[in-house]
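Chemist: Pasting a predicted model and its sequence here:
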Amino acid sequence: MQTPLVLIVASSPFHLTLMGDLLEANDIRTVRVTVADAAIAACEQHQPTLVVLDLDLAEQEGRRLVQALCGFGSCGIPVVTVGDRSQREMFDAILGMNNGLSVGGMVEKPIDTGVFPRRVLQEIRRHTESTGRVATV
């Protein structure tokens, strides 16, 4: 069985560290990147189980990143977004661009340290059960 690997894409070093440390404390391996090009390369190289996308980065580097993730979505990589209430519109735009992207909802900031890892684990389980991929969580 394979341990899940989550790609975390966030421009804030604080959020990148917080989310990564929370997931690793729950036995989930992480790859952490701060820019769109690195996220795209990491998807190609590592084929993560799931991508956590901070909407702050999505607003900065925008549609190109989301469209690239849509392309990987056809390979079965779901996305969980993280953002504050004011970014709900950006989240809705991502849903509207779907193109095969499996969006597992939005986790609101400030990040609840108990809720965040449970939500990611829930999405990994949902996705692996629906696709037949094997991941130990």
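Modeler: Nice, thanks for sending it over. Numbers count the residues shown, from 1 in each chain.

Chemist: just for this structure, where's the confidence low?
Modeler: Scanning the chain for pLDDT under 70 picks out 1, 58-64, 66-67, 70-76, 91, 93-103, 130-137.

Chemist: Skip the chain neighbours and tell me the closest residue to the most centrally placed residue in the chain.
Modeler: In the chain, the residue lying closest to the centroid (CA atoms, centre = their mean) is residue 52, at 1.7 Å. Excluding its sequence neighbours, the residue lying closest to residue 52 (CB to CB, 6 or more residues apart in numbering) is residue 8, at 4.7 Å. (Each C-beta comes from the backbone N, C-alpha and C, glycine too.)

Chemist: Can you pull the phi/psi pair for the residue nearest to the centre of the chain?
Modeler: Backbone geometry at residue 52, expressed as degrees, to the nearest 10, gives phi -100, psi 120.

Chemist: Output stretch 113-130 as PDB - backbone C-alpha positions only.
Modeler: Extracted in PDB, the C-alpha atoms of stretch 113-130 (Å, rounded to 0.1, in the frame of the first residue of the first chain):
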ATOM      1  CA  THR A 113      -5.600  22.800  12.900                       C
ATOM      2  CA  GLY A 114      -8.000  20.100  13.800                       C
ATOM      3  CA  VAL A 115     -10.300  20.400  10.800                       C
ATOM      4  CA  PHE A 116      -7.700  20.900   8.000                       C
ATOM      5  CA  PRO A 117      -6.000  17.500   8.200                       C
ATOM      6  CA  ARG A 118      -9.300  15.700   8.700                       C
ATOM      7  CA  ARG A 119     -10.700  17.400   5.600                       C
ATOM      8  CA  VAL A 120      -7.600  16.400   3.500                       C
ATOM      9  CA  LEU A 121      -7.800  12.800   4.800                       C
ATOM     10  CA  GLN A 122     -11.500  12.700   4.000                       C
ATOM     11  CA  GLU A 123     -10.900  13.900   0.500                       C
ATOM     12  CA  ILE A 124      -8.000  11.400  -0.100                       C
ATOM     13  CA  ARG A 125     -10.300   8.600   1.100                       C
ATOM     14  CA  ARG A 126     -13.200   9.700  -1.100                       C
ATOM     15  CA  HIS A 127     -11.000  10.000  -4.100                       C
ATOM     16  CA  THR A 128      -9.100   6.800  -3.600                       C
ATOM     17  CA  GLU A 129     -12.400   4.800  -3.100                       C
ATOM     18  CA  SER A 130     -14.000   6.300  -6.200                       C
END
